[in-house]
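J.: whatever this is, show me its structure:
(2 chains)
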There are 2 protein chains.
Amino acid sequence: MNLVVKKFGGTSVGTLDRIENVANRIIEDLKRGETPIVVVSAMSGETNRLITLAEKLDPTYRGPAYDMLIASGEQVSVALLAIALQKKGIQAQPLLAYQLGIQTDKIYSKARIQKIDGAKLIQYCRDGFVPIVAGFQGVDEDDNITTLGRGGSDTTAVALAASINARDCEIYTDVAAVCTGDPRLIPNAKELYKVSYEEMMEMAGLGSKVLHIRCVEIAAKFGIRIHLRSTFEEREGTWIVPEGEIMENPLVTAVTHDANTFVFTLHPTPEGTSFLAELFQKLAAKNVIVDIITQSQTEKGQRLAFSITKEDVPLARQVLKESLGSSVQVEIMEDMAKISVVGLGMRNHPGVAATFFKTLADGNIPVLLVTTSEIKISAVISNNHLTLAAQKMAQAFSLVNI
Amino acid sequence: MNLVVKKFGGTSVGTLDRIENVANRIIEDLKRGETPIVVVSAMSGETNRLITLAEKLDPTYRGPAYDMLIASGEQVSVALLAIALQKKGIQAQPLLAYQLGIQTDKIYSKARIQKIDGAKLIQYCRDGFVPIVAGFQGVDEDDNITTLGRGGSDTTAVALAASINARDCEIYTDVAAVCTGDPRLIPNAKELYKVSYEEMMEMAGLGSKVLHIRCVEIAAKFGIRIHLRSTFEEREGTWIVPEGEIMENPLVTAVTHDANTFVFTLHPTPEGTSFLAELFQKLAAKNVIVDIITQSQTEKGQRLAFSITKEDVPLARQVLKESLGSSVQVEIMEDMAKISVVGLGMRNHPGVAATFFKTLADGNIPVLLVTTSEIKISAVISNNHLTLAAQKMAQAFSLVNI
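T.: All right, here's what the predicted structure looks like:
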């Protein structure tokens, strides 16, 4: 059997017509001799509708009931695609996480897959069924439904591929390829044909919404080649592959951004080494993901700044309220954005940081926080400056079509 | 523990406000020392919305994907009620069929519960959680979701009560009690305080939408007293109990109707005994429930008539098309209604049938099909005559308030 996992995103199954289109596409694959295993997201808009219901009852609750609620969207699209395939004469088997033993930890809304019963999946294929699997969901050891976080269906797809030793995983979406930058900000961004796992992980972590970071991590761990492509076009898109498959690395592969950044500033913070450790431990315990952290000395004492994404703001506020004395002033800067450049080529070329900061300076764009790694540089700037910064950065690193 | 199963129907959880109202009601029960186990239906309108999606893709498909689809409505309301309770400080455990091992057969859309893991449910109560269970759904031996048919959440509730040896099961709904007739047809119908299982089963089978027949069957089998009452009022409603608890039976307890009746007439049907057996076997194989059957001899040969409900019409047409030769004329009468009177008292009073037919005759109402049992008489009439027939019947048997 030529097993290929194919994941269709929310826009790809956003209407009944589009679901029938996906069904037709699967039938074409069957005719070509592929044995498809299909993963689907919720119909676009559905997950947001469910989240709104939950938040009207309680804006802060996270737990098994929340995950059970938002996982129902995938259940609907799985069932509808299975019905569409049956109608066209194809035997389809709709499958939820509990049926495949997609086991996760108990970190609701951000759960991580621990194991999958790949043998069961293969058996359905052997029996002549096309398995249609709900993305985004798992079950914990107590059989509660868990969810994998936004974009989690990509993770489901790659994890399924790993569980059955498939080599390729196709992610069908509404964009034709990964680009050197978000085309909404950089209209003449280039399409990338191949990107390494490492770069893609950085890009996902830095705000590129194209692929979920955990999905790329699993692909890298098991050597699964991800083919990201459009549901609405036949042509190839972008391959996310091991570094060794890429012959030549440009200095910078892409510019990415995250417009959802909030910066918390605490001043003056208590002296001593234990404060920082305790604070970040408490934030971690609430599953708040802290991104950039900087600390500086001022006349009035230590000043701490850190950035988080918008969705974690209510939880972070709560932690700060519980753990800080009244002497510490907390300032929250909304409407911030993180802009980053990513590229394996940076490893061997020292001039990237200089170009990065010169580009921001030339645009008179103030920089609030900075962080770097071997293959990326990030800066937090005001959201107002984001488009300008992204376009200048793309030009400076030759990421645009001329 | 004073375990009481409480089922809330679709209108009871139809909006977020109503879900909070149910949560408050459960908190009152906890304060009174009850240990509630809650079963909920889908928010009103939701199941129909899902069915419409399925039918747009394929109007005839029934199978695991269909049941998975329509079971998602209960998943949403279970999760929302659990979130509402958590917000009010109550530990709630949302539970789907697979988590409780609500095992059914494989007759999708009309599945029957075979067993439930009651011990698990009791353990959640012991651990201080209020279990919130999805009604209407089960799982078959292959772990596929099944559904129990319209009103199936009532069945879930009573089956849960049986699985934990509870004595009472409360069914909260939007009517305050079972009445001697449908108040929309008979505005001055009386409320019934106690009804026997046997009468209630007949009434459910004859079109009373108040309780699902299977639910009353299970209650009768395990001696569970059902208390049907309003979600929106505090007072008691109707108790459905063993016959022995009812001191005196009126001649007729209630008049019921089913406006969803279709009559198929086949003429002339093939001679010989095998035809009928084969036809009804084929209909049964498709899970078409045939209600009244009559056969008569005419000059041109045998004439067969039978009634089914509207939802089974497409399947019945298909069976007839496959099994009849072109010589048999099939006539389908739409817009028919079945009117019935039910009462344990009929057993010992022979005059009921006479009054029944005299009442129809006095109203000039033609009768198409007739069937009787020990405690009921039914006639199929035109839908146009239904209101008149129901009102006259209620008067004839003293079922109205004066």
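J.: which residue does the stretch 101-250 of chain A bring closest to chain B?
T.: Chain B sits closest to A:Asp143 of the stretch 101-250 of chain A, with a gap of 4.7 Å, by CB to the nearest CB. Quick note: C-beta positions are derived from backbone N, CA and C, even for glycine.
J.: that residue: which element?
T.: Assigned by DSSP states H and E, A:Asp143 belongs to neither a helix nor a strand.
J.: the closest residue in space to it that isn't next to it in sequence and A:Asp312: what is the separation?
T.: Leaving aside its chain neighbours, A:Asp143 sits nearest to B:Gln99 (4.7 Å; criterion: CB to CB, 6 or more residues apart in numbering or on different chains). Remark: distance between B:Gln99 and A:Asp312 (CB to CB, to the nearest Å) = 29 Å.
J.: so who does the residue in the stretch 301-402 of chain A that chain B sits nearest to touch?
T.: The stretch 301-402 of chain A approaches chain B most closely through A:Pro314 (14.2 Å), counting by CB to the nearest CB. A:Pro314 makes contact with A:59-60 under the criterion CB atoms under 8 Å, 6 or more residues apart in numbering or on different chains.
J.: mind checking pLDDT for it?
T.: We have a pLDDT of 91 for A:Pro314.
J.: repeat that for A:Gly10.
T.: The model reports A:Gly10 with a pLDDT of 95.
J.: surely it is in contact with A:Asn48?
T.: No: counting by CB atoms under 8 Å, A:Gly10 does not reach A:Asn48; the two are 9.7 Å apart.
J.: who has more neighbours, the two?
T.: Taking neighbours as other CB atoms under 10 Å in any protein chain shown, A:Gly10 and A:Asn48 compare with A:Gly10 leading, 24 against 12.
J.: that older thread, hang on, the residue of the stretch 101-250 of chain A closest to chain B packs against B:Gly101?
T.: No: contact status for A:Asp143 versus B:Gly101: not in contact, 9.8 Å apart, counting by CB under 8 Å.
J.: roughly how far is whatever helix or strand A:Thr265 lives in from the heart of the chain?
T.: Assessed by DSSP H and E, A:Thr265 sits inside strand A:254-269. Put simply, strand A:254-269 sits 18 Å off its chain's centre (CA atoms, centre = their mean, to the nearest Å).
J.: that one packs against which elements?
T.: Here strand A:254-269 touches helix A:197-205, strand A:293-298, strand A:301-309, helix A:313-323, strand A:329-342, helix A:386-396, going by 3 or more CB pairs under 8 Å, 6 or more residues apart in numbering or on different chains; DSSP states H and E.
J.: thinking again about what came up before, what is the helix or strand where the residue nearest to A:Asp143 lies packed up against?
T.: Using DSSP H and E, B:Gln99 falls within helix B:97-100. Counting contacts by 3+ CB pairs under 8 Å, 6+ apart, helix B:97-100 packs against helix B:118-126, strand B:137-139, strand B:145-147.
J.: one more time with 7 Å
T.: Applying 3 or more CB pairs under 7 Å, 6 or more residues apart in numbering or on different chains; DSSP states H and E, we find helix B:97-100 packed against strand B:137-139.
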